[in-house]
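**Q** Sharing a sequence plus its predicted fold:
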Amino acid sequence: MKSGICPKCNSTEILSQLPLHGGEGHPPYVDIVQPEPPNRPFIWLAQSEQSQFTAYICGACGYTEFYAVRYQALNEGYKKGFKSRW
Ligand SMILES: [Zn+2]
């Protein structure tokens, strides 16, 4: 989809990078959080990374793909052991 071609119907009429709306108060997102260290310092705040999504929609057949906006930050957090809260 990011290449501008629908993988389902080969159309090139792609609506790109449309933000998602809806949800309870804010758009859907993912959230990963640093686990608590074994020797937790007195003052410690968990680091976290969040990302919303952007949609690529085929204008010919409606096929849609979602991409995380902050995928690089998510990937860095994931490599550091961050996990989803639930
Ligand atoms: Zn299509």
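**A** Received it, and whenever you're ready, just let me know what you need.
**Q** Now name the helix or strand holding residue 17.
**A** Element membership for residue 17, per DSSP states H and E: strand 14-19.
**Q** Contact residues of the protein facing the ion?
**A** Contacts of the chain with the ion, taken as CB under 5 Å from the ion, map to 6, 8, 9, 11, 58, 60, 61, 63. Any C-beta I mention is one placed from the backbone N, CA and C, and that applies to glycine too.
**Q** quick one: buried residues of stretch 47-56?
**A** Neighbour-count burial for stretch 47-56, counted by 16 or more other CB atoms under 10 Å, picks out 49, 51, 52, 53, 56.
**Q** Show me which pair in those residues is furthest apart.
**A** 49 and 56 (22.2 Å; CB to CB).
**Q** what about the strands in this structure?
**A** Applying DSSP state E to the chain gives strands spanning 14-19, 29-33, 48-58, 64-68, 83-84.
**Q** centroid residue for this protein?
**A** residue 68 (2.6 Å; CA atoms, centre = their mean).
**Q** Provide a list of residues in contact with the closest residue in space to it that isn't next to it in sequence.
**A** Among residues not flanking residue 68 along the chain, residue 51 sits closest, at 4.3 Å (CB to CB, 6 or more residues apart in numbering). By CB atoms under 8 Å, 6 or more residues apart in numbering, the contact set of residue 51 is 29, 30, 68, 69, 70, 71, 73, 74.
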